Each structure stands twice: as C-alpha cells, then as structure tokens.
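Trainee: Curious how this folds, go ahead:
(one chain, ligands or ions: 1)
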Amino acid sequence: MANFLDETQSMWLETVNRFMDKEITVEYVRKCDMNREYPYEAYEKIANQGWLGLLIPEEEGGSGGDIFDYSLMAEGLGKFGFDFACSVLVPTFTAMNITKYGTPEQKKKYVKPFIEGKIRFSVSISEPDAGSDAANTKTRARQDANGDWIVSGQKLWCSGAAAKNTVIAMLVRTDADNKHGGLSVLLIPNDTPGLVINKLPTLSRHATGTTEIFLDEVRVPRDALLGEVGQGWKIITEHLELERCAVAHAYTGNAQEAVSAAVRYAHQRVQFKQPIWDFQVIRHMLADCQTQVDAARLLCYRSAKMAAAHEPCSREVSMAKLYGSETLKSCALTGMQVLGGYANLPEADMERYLRESIQCTIGGGTSQIQKTIISKSMRLS
Ligand SMILES: Cc1cc2nc3c(=O)[nH]c(=O)nc-3n(C[C@H](O)[C@H](O)[C@H](O)COP(=O)(O)OP(=O)(O)OC[C@H]3O[C@@H](n4cnc5c(N)ncnc54)[C@H](O)[C@@H]3O)c2cc1C
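Mentor: Predicted coordinates for the structure are as follows:
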C-alpha cells in the first residue's frame, strides 16, 4: 500500500505505528481493557507528541495538518484496538467543532488546554429514543432570565464522558416544534453540578468507556452555546463525516493487525507435524482477509483524500466506514478460527478485537444507515 502514499505520508504512518509498538504497546492496551481503565498515561504521551492538535489550524496553536494526515494517525492508533484509538479520536474530532464554530472566548478557553492534554472532549448525540434517528433528541435546554441554560433529560452512550477533565459537546433540543432546526450544541464540562454520569458495563469500549448521563435542571452558563441556537444539526452532521472518516481508518489499522497476528500464529502453530500455515484452507482464509483489508484501506484513503481536498464525500466516507467496520468484524472472526482455543485468552488479543468490532458496525451510524446514505447517491434523477 506504500506506493499509494507519498514519502512523507508513508513516513508519518510508520512513525505512528512505531510509536504504538514502542511507547504504547499492545500489553498496555490489553491491560486497560482488562481493568476497564481509561488510558491516561498513553493520552499524555500522545499530547506530549503534539498530536492532539494535528488538525487544528496553526494560528490556533495546532499543527494545521489535513484530514489525510489525521486519518493516517487514526490508522496507526487503531493498530491494537478500536477502543484505544477512541480515547484519542473522540476528543480530537470533537475538538474540531470548537475550531469551526467556537467564539474567540471558547477557543481561548478550550483549544490550548486541549492541545496540551489538560482537557479532553466527548460528543453526546445519542439518547434512549434517539439512536439512528439522532434528530429525535429530547433533552431540553431553555434559557432563564439571565440567559443561562437549564438542561433536563437523558443522554446515552457518550464515550469518554467519565474521564477526568472532559468537556461534553451535547446535542440538545431548544425548539420542540422543529425537529432538525430545533437542535443546538452546548459545551458542558463533566464536573458541572447536577450532572450524573455512569460508565456502562459494555461488551466493548472497556477503556475509553461509554456512559449514560442524567440531567435534571442542570444550569449551564449562557456562553456554553456552540455556534448559534438551532445550528446543532448542521454541526453534528459535519462532525459525523469527520468522525466516520477517522474511525474507518482506525478499523482498518486494527483489521490489519488482526490478520498479521493470525498469519504469525499460523506460521508458529504446529499440528500434524506441520505449521497450520501449510494447510491451504488456512492460507486461503487469510488471503481473503488481507484482500478485504487492502480494499478497506483503499476506500479509506480515497475518502480522506477527498475530505482533505474539501470535496463533497459523504458517500465515499460512508463506504469506507461501512466496509472498514465489516472488514474488522470478519477478520477478527477469522482470526478467532485460525488461533483456535488460544484465541479465547486475553493475551491473544483476538477476542478483544472481535468484541470491539461488534460495536464498530453500530457506533458512528450503523452499517444499515451507511447503506442508506450510499444508496441516496444512487437514485435515478
Ligand atoms: C460502545 C458504544 C459507544 C458509543 N459512543 C457514542 C458516543 O460517544 N456518542 C454518541 O452520541 N453515541 C454513541 N454511541 C451510540 C451509537 O451512535 C448508536 O448506538 C447508533 O447510532 C445506533 O443507535 P441505536 O443503538 O439506538 O440503534 P437503533 O437506531 O435502535 O437501531 C437498531 C437496529 O435498527 C436498524 N435501523 C434503525 N433505523 C434504521 C433505518 N432507518 N433503516 C434501516 N435500519 C435501521 C439499525 O441499523 C440497527 O441494526 C455509542 C454506542 C456504543 C454501543
């Protein structure tokens, strides 16, 4: 795949991969999963590299990288599992909403501390009755006489919201009579009095964690509004395109590692006096997997290239998200078969890749929703 990337891009991907191998390590990622611990130490190391600000414009203190650079970082960070990648990707793609829509005061308050790793961001769109139908948001926000926001409702599945010093970009309803136009985004620090955040005991996302959030007349200052009243749906739609592009790359990075780990194991494991790699049936399973990973990666690179060039690409991003997530799921499942009984143990990592892959065809918009987006572009006019 290297010939698809130019020399600088190849070197950047290699740098992130090497950083994962040497500075983060699969053992650390596994330990965070087993203990359901947020990867604070790794997050700090990544902040120290300056990578949190990769996409943020230089005039705001970031590196001014483009979406392709960012996506290659996502691919590298995904190597040892999607949950780990999420701990960095969720804050970084959510931060871009502040860069795009924040007031000068909001940027001053949040952007530099974020780049330095002192605060992080989560995005809270989903609710019990607002999943694929995300605009069905019911959490209400009204302004009191001082202009402060009073927020009541329940949000669900907000990843990373229980981690220290996290600011939640929360989609709320500000107009009950206008489904899409009645939504706004508030920036709510997770230590705001009255906010109740519970980490959920989910199958995947053990380390970053995903949460339910209860709000009962929670007071949020007036300057917490991101963008304008009623602009929430536009902000979230743009947010989701960047999120899907990033996560698709992370799925592909993890799918590659699942296949590589299975190939390594197949060469080592001897049965019937020969490495199981020598059985053609095993080799063919892995050849199918590698073909899927390469195809997923090409879809990813196409979408990132178009996004970096500011070309309309929601169809291409959805294709990358759809195919990347389904590829990770099928490669992890094949990996389980190739690794036999050993695959069940945490130290084999494959059961973790499989657990996490099951969420990948749901989070950020399900595979069915991606197909709906893709098929919209196929209508005969
Ligand atoms: C671990 C985890 C982390 C998450 N992190 C976050 C986060 O950080 N922030 C956040 O806001 N959300 C987050 N989510 C929520 C995620 O985005 C939603 O779960 C997802 O959008 C699907 O919504 P749902 O679970 O309510 O499923 P539903 O929308 O109820 O869907 C159930 C099934 O019906 C299908 N379906 C629904 N509508 C249609 C349709 N129109 N056409 C065809 N099929 C349809 C779906 O594809 C799915 O198969 C997370 C979820 C999980 C599990």
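
Trainee: how about the helix or strand that contains Tyr43: buried residues?
Mentor: Following DSSP states H and E, the helix or strand that holds Tyr43 is helix 40-49. Residues of helix 40-49 classed as buried: Ala42, Tyr43, Lys45, Ile46, Ala47 (neighbour count, 16 or more other C-beta atoms under 10 Å). For the C-beta atoms, the positions are set from N, CA and C on the backbone; glycine is no exception.

Trainee: Tell me which two of those residues sit farthest apart.
Mentor: Using C-beta to C-beta, those span at most 9.7 Å, a distance reached by Ala42 and Ala47.

Trainee: Closest one to the ligand out of the buried residues of helix 40-49, please.
Mentor: Closest approach between the buried residues of helix 40-49 and the ligand, by C-beta to the nearest ligand atom: Tyr43, at 16.1 Å.

Trainee: Enumerate every residue touching the closest one.
Mentor: Contacts of Tyr43 were listed using C-beta atoms under 8 Å, 6 or more residues apart in numbering, and they are Ser87, Val88, Gly117, Arg120.

Trainee: element containing the closest residue to Pro312 other than its chain neighbours, please.
Mentor: Nearest residue to Pro312 in three dimensions, chain neighbours excluded: Met306, at 7.8 Å (C-beta to C-beta, 6 or more residues apart in numbering). Per DSSP H and E, Met306 falls inside helix 280-308.

Trainee: Buried ones in that helix, by neighbour count?
Mentor: Within helix 280-308, the residues that count as buried by 16+ other C-beta under 10 Å are 282, 285-286, 289-290, 292-294, 296-297, 299-308.

Trainee: Next: stretch 327-339.
Mentor: Going by neighbour count (16+ other C-beta under 10 Å), the buried part of stretch 327-339 is Thr327, Leu328, Lys329, Ser330, Cys331, Ala332, Leu333, Thr334, Gly335, Met336, Val338, Leu339.

Trainee: Roughly how far does the fifth one sit from Gln256?
Mentor: Right, the one you point to is Cys331. Distance from Cys331 to Gln256, counting by C-beta to C-beta, to the nearest Å: 8 Å.

Trainee: which residues are in contact with both of the two?
Mentor: Taking C-beta under 8 Å, 6+ apart as the criterion, Cys331 and Gln256 both touch Val293.

Trainee: My guess is Leu328 contacts Tyr353. True?
Mentor: Yes. Using C-beta atoms under 8 Å, Leu328 makes contact with Tyr353 at a distance of 7.3 Å.

Trainee: what's the overlap in contacts for these two?
Mentor: Contact criterion C-beta under 8 Å, 6+ apart; residues shared by Leu328 and Tyr353: Asn254, Ala258.

Trainee: does the ligand sit close to the one helix or strand Ile374 maps to?
Mentor: In this structure, Ile374 sits in helix 367-376 according to DSSP H and E. Yes. Helix 367-376 reaches the ligand (C-beta under 6 Å from any ligand atom) through Gln368, Ile369, Thr372.

Trainee: Turn those residues into a markdown table, including pLDDT and neighbour count.
Mentor: Below are the residues of helix 367-376 next to the ligand laid out as a markdown table (pLDDT from 0 to 100; neighbours: other C-beta atoms under 10 Å):
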| residue | pLDDT | neighbour count |
| --- | --- | --- |
| Gln368 | 98 | 11 |
| Ile369 | 98 | 19 |
| Thr372 | 98 | 13 |
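
Trainee: Enumerate every residue touching the closest residue to Tyr342 other than its chain neighbours.
Mentor: Distances taken as C-beta to C-beta, 6+ apart place Ala348 nearest to Tyr342, at 5.2 Å, with adjacent residues excluded. Contacts for Ala348 were tallied using C-beta under 8 Å, 6+ apart; they are Ala261, Leu339, Tyr342.
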